[in-house]
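Trainee: everything below, folded, please.
(3 chains)
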Amino acid sequence: MGTRQYGRSTSHSEPGPGDAGRTGSWRVVRPVMDPSICIPAKRGTPACFICWLYCPDGVISRTVPPAIDYEYCKGCGICAEECPTKAITMVEEACFIQDKE
Amino acid sequence: MHIIESGNVAAALGVKLSRAQVIAAYPITPQTPLTEKLSEFIESGEMEAQYVPVESEHSAMAVCIASSSAGARAFTATSANGLLYMHEQIQWAAGARLPIVMCVVNRGVGAPWTIWNDHQDSISQRDTGWIQYYVNDHQQIIDGVIKAFMLAEEVMIPVMLCYDGYLLSHTYMPFEVPEASAVDAFLPPYKPAYALDPENPANLNTVTMPDVRLDAKGRLAHGYMEIRYLLQEDLIRTIDVMARIDESFRKHFGRGGSPYYETYQCEDAEFIAVSLGSLSYHLRDVVDMLRADGFKVGVMSVHLYRPFPAEAIADALAGSTGIVVFEKALSYGYQGALCSDIKSALYHKGVDGSRMPFVHNYILGLGGREIRTTDLCEAFRKSCTEGAAPTDELRWLGLKI
Amino acid sequence: MTHTKTTILSLPEEEFVNPGTRACAGCALGTAYRVALKAMGRNTILVVPPSCLTVLQGLYPIAATKLPSLNVTFASTAAAATGLTSALKALGKTDINVVAWAGDGGTSDIGLQALSGAAERGDNFLFICYDNEGYMNTGVQRSGTTPQGAITSNTPLKGKLQQKKDVPSIMAAHGISYVATCSAAYPLDLYDKVRKAMTLPGVKYINIHIPCPPGWGFDTRYAVKVGKLAVETGLYELYEVENSVSRLSGASRKLIDKRALVPVSEYFRAQSRFKLMREAQIGEIQKQIDARWVRYFESPEDNGES
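Mentor: Residues are numbered from 1 along each chain as shown, chains lettered A, B, ... in the order given. You can find the predicted model right below:
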């Protein structure tokens, strides 16, 4: 099947989940959040959210507790580095593969 | 209304009557009086449009590209090196399928600097995906601008309306200015299928892959090659659309009837001179002179050069004995571009073994070199008498080397 | 001019960039772009030349950005923004914002002529230069804004010999309504400056310092740290120019109160692109920074917020 019926004759892109696909597969280290240290998680109220602010890919939610979308998280580690209470640690992805096995 | 004005003013009046909404221009001779006139129309309130005095031709086309992408009718004009400076943007406008209209007031290109007329500027932009339409007098300029907007918006391909610098741009001739209401009845407002809009967001002209790909909704979208194929397909379709628009214009205004080319004394002609622009009217005098001497000659002026109406042109020329192409530009290292195109158009006429006309090619008038009627006459006469040349040599007229 | 400073909790939650972009991990452009788009809001059309942002926005036919965006040729960004504002004016849609977003090459080098033209004409749009100090998208070549001493792909053995082109000052010299410098490391300051720019007439210019992990040579996790160091050392100054008056702002303004700068060597040593820089060179740059900041410390009212 070809593109004859596609209906456009220009390079016209419509918004959708990033065309790089599930960029979580790029990750070699995974941010893991400890809710007993994370400020909003501990207090049970919206606070801090520095991880949400800085995440270049917008994959951390501004929720209590904050949630990391591992489908898309590229594992840069900025959240872990900037967390004021060191509630996020970067863990080798290999550890999770072994866990599954 | 019948007036006597310059070719540049004829173009400006055409743009005003077409209700262009955004006009961007950078000064270059001999285009300048056209865009000066538009700025005057707008400043005086005679015309409602945005006039952007850009800092370069590259930016002039950028303004047209962006404003057309946002849904406004856009116009610019330039000449020579200004056109060359736009080259990247010209390709972009065609690939983005934006119905921009641009007057190219033909002038030779540097180096060395020349400010005088030839066709090298627009011919060098032949392969950019734009429609190129060459006109021969002031009436054709004003009518051509109005038709150009209609054509561009129907096929979503930009149009270059080309006319000779000085010979047409700066000379005064009588012509008919159509009534605004009549133009409004002929040319509806620009309503693109998509215009940039926060309510309906899209990212236009981004990197496009070599192969086809699924879009966000799971439908198979084009690759780069399909998008470029569609430009070619629509350019070929433009040949028929041009005829239809010319016919519609004729019904509205009583002028037209020669959408692809104009002929003079070609009905029984054995030898046909072919050229672009005002030179073809000069050649009419030569035809009259040679007819007086008993030569059965005629002249064809090609209006629609891209897309090239090859079949119509080949049909019109195939029965002749000889064709003499007079050109004010050339594809350096080979021959005149129009000559190559005409030979190519005739090729399939010869495959069944029928007699093919010979084709001679004269290069003349580069950088404004004077084109003397006697020289034209002698060259055409020589071609008629000597017949097919043994080689494909390029002949230069008026050269003093 | 008094205005409430935005906090993390008052920053709009709505995102205008979808995840799954092609931007490198740890690219500070991602943060700056996300936050700036929040400040612009939905009623905005973007103009983008070739750059890392083109990569982030994604390949046809899927767009990572939820706002309409026009990709244009490298040199034509500002002129295309003019084209949009002209069309919107002609169509009576003057409530739509136009924002041009170019890299430092697309701004300081190939795009400067069109930007200067638009600034002189006073066309109404915001021009953002995201300054990652080089042609990162094509493989880290030097640009006009690459700092002196930085190794790039085409200054591989000696580092760049010339100093960084000061584009904000060039833009300020046009007398435009607003010039500001920001850093991806200070997103709330960036948000407030973009918001302010959107309310002002004519061309507004914002320069955003964008740490680039692969181009500058540091681990992705340090993108914010490196960005902050540039400011805390006094090397990259955050300021605003309004009515031809320049004032330090945000984190740079706070340095005046602290009266202490982090040694610039810490910034250089955090990035492998500066590994060729000798102590003497760093000392020379430290002297220049100190001379500038002594003036700020001595007359804070001339350089701080009024």
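
Trainee: what segments of the chain are helices?
Mentor: You didn't pick a chain, so chain A it is. A:39-43, A:50-54, A:78-82, A:93-100 (DSSP state H).

Trainee: that's the wrong chain, I wanted chain C
Mentor: According to DSSP H, chain C carries its helices in the segments C:28-40, C:52-57, C:77-90, C:104, C:112-121, C:167-172, C:187-198, C:213-216, C:223-232, C:250-258, C:264-269, C:279-298, C:300-303.

Trainee: adding mean neighbour count, write those out as TSV.
Mentor: C-beta coordinates here come from the backbone N, C-alpha and C atoms, glycine included. Below are the helices of chain C laid out as TSV (neighbours: other CB atoms under 10 Å in any protein chain shown):
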stretch	mean neighbour count
helix C:28-40	26
helix C:52-57	24
helix C:77-90	30
helix C:104	28
helix C:112-121	22
helix C:167-172	20
helix C:187-198	22
helix C:213-216	21
helix C:223-232	24
helix C:250-258	17
helix C:264-269	18
helix C:279-298	14
helix C:300-303	15
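
Trainee: how far does stretch B:86-106 sit from its chain's centre?
Mentor: From the chain centre to the centre of stretch B:86-106 is a distance of 12 Å (CA atoms, centre = their mean, to the nearest Å).

Trainee: chain C contacts on the stretch 1-150 of chain B?
Mentor: Contacts of the stretch 1-150 of chain B with chain C, taken as CB under 8 Å from any CB of the partner chain, map to B:21-22, B:24, B:49-50, B:52-56, B:58-72, B:74, B:88-89, B:92.

Trainee: state the phi and psi torsions of B:Thr35.
Mentor: B:Thr35 adopts backbone torsions of phi -80, psi -30, taken as degrees, to the nearest 10.

Trainee: correct me, but it touches B:Ala77?
Mentor: Yes: applying CB atoms under 8 Å, one finds B:Thr35 in contact with B:Ala77, separated by 5.7 Å.

Trainee: gap between the closest residue to A:Cys79 other than its chain neighbours and chain B?
Mentor: Distances taken as CB to CB, 6 or more residues apart in numbering or on different chains place A:Cys51 nearest to A:Cys79, at 3.8 Å, with adjacent residues excluded. Counting by CB to the nearest CB, to the nearest Å, the gap from A:Cys51 to chain B is 28 Å.

Trainee: equivalent analysis for C:Gln141, please.
Mentor: Counting by CB to the nearest CB - C:Gln141 and chain B are separated by 19 Å.

Trainee: grab the nearest non-local neighbour of B:His87.
Mentor: Nearest residue to B:His87, sequence neighbours excluded (CB to CB, 6+ apart): B:Gln125, at 6.9 Å.

Trainee: the residue in the stretch 101-250 of chain B that chain A sits nearest to - how many residues pack around it?
Mentor: Closest approach between the stretch 101-250 of chain B and chain A, counting by CB to the nearest CB: B:Ala216, at 2.9 Å. The burial count assigned to B:Ala216 is 16, neighbours taken as other CB atoms under 10 Å in any protein chain shown.

Trainee: residues in contact with it?
Mentor: Neighbour list for B:Ala216: A:Glu14, A:Pro15, A:Gly16, A:Pro17, C:Pro61, C:Ile62 [criterion: CB atoms under 8 Å, 6 or more residues apart in numbering or on different chains].

Trainee: what about 7 Å?
Mentor: A:Glu14, A:Pro15, A:Gly16, C:Ile62 (CB atoms under 7 Å, 6 or more residues apart in numbering or on different chains).

Trainee: which members of those residues additionally contact chain B?
Mentor: When contact is defined as CB under 7 Å from any CB of the partner chain, these meet chain B at A:Glu14, A:Pro15, A:Gly16, C:Ile62.

Trainee: want to throw those into CSV with neighbour count, distance to C:Gln271 and pLDDT?
Mentor: Supplementary listing: the ones next to chain B among the contacts of B:Ala216 in CSV, determined by neighbours: other CB atoms under 10 Å in any protein chain shown; distance: CB to CB, whole Å; pLDDT from 0 to 100:
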residue, neighbour count, distance to C:Gln271, pLDDT
A:Glu14, 17, 38, 95
A:Pro15, 21, 35, 94
A:Gly16, 18, 35, 92
C:Ile62, 26, 34, 96
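
Trainee: just give me the closest of those residues to chain B.
Mentor: A:Gly16 (2.9 Å).

Trainee: for the closest one, phi and psi?
Mentor: Here A:Gly16 shows phi and psi, under degrees, to the nearest 10, equal to phi -160, psi 170.

Trainee: with adjacent residues omitted, what lies nearest to it?
Mentor: Spatial nearest neighbour of A:Gly16, chain neighbours left out: B:Ala216 (2.9 Å); criterion: CB to CB, 6+ apart.

Trainee: repeat that for B:Asn361.
Mentor: B:Cys339 (4.0 Å).

Trainee: let me see the contact set for that neighbour.
Mentor: Going by CB under 7 Å, 6+ apart, B:Cys339 touches B:Val325, B:Glu327, B:Val359, B:Asn361.

Trainee: and chain A, which residues reach chain B?
Mentor: Remark: the part of chain A in contact with chain B comprises A:Met1, A:Thr3, A:Tyr6, A:Ser9, A:Thr10, A:Ser11, A:His12, A:Ser13, A:Glu14, A:Pro15, A:Gly16, using CB under 7 Å from any CB.
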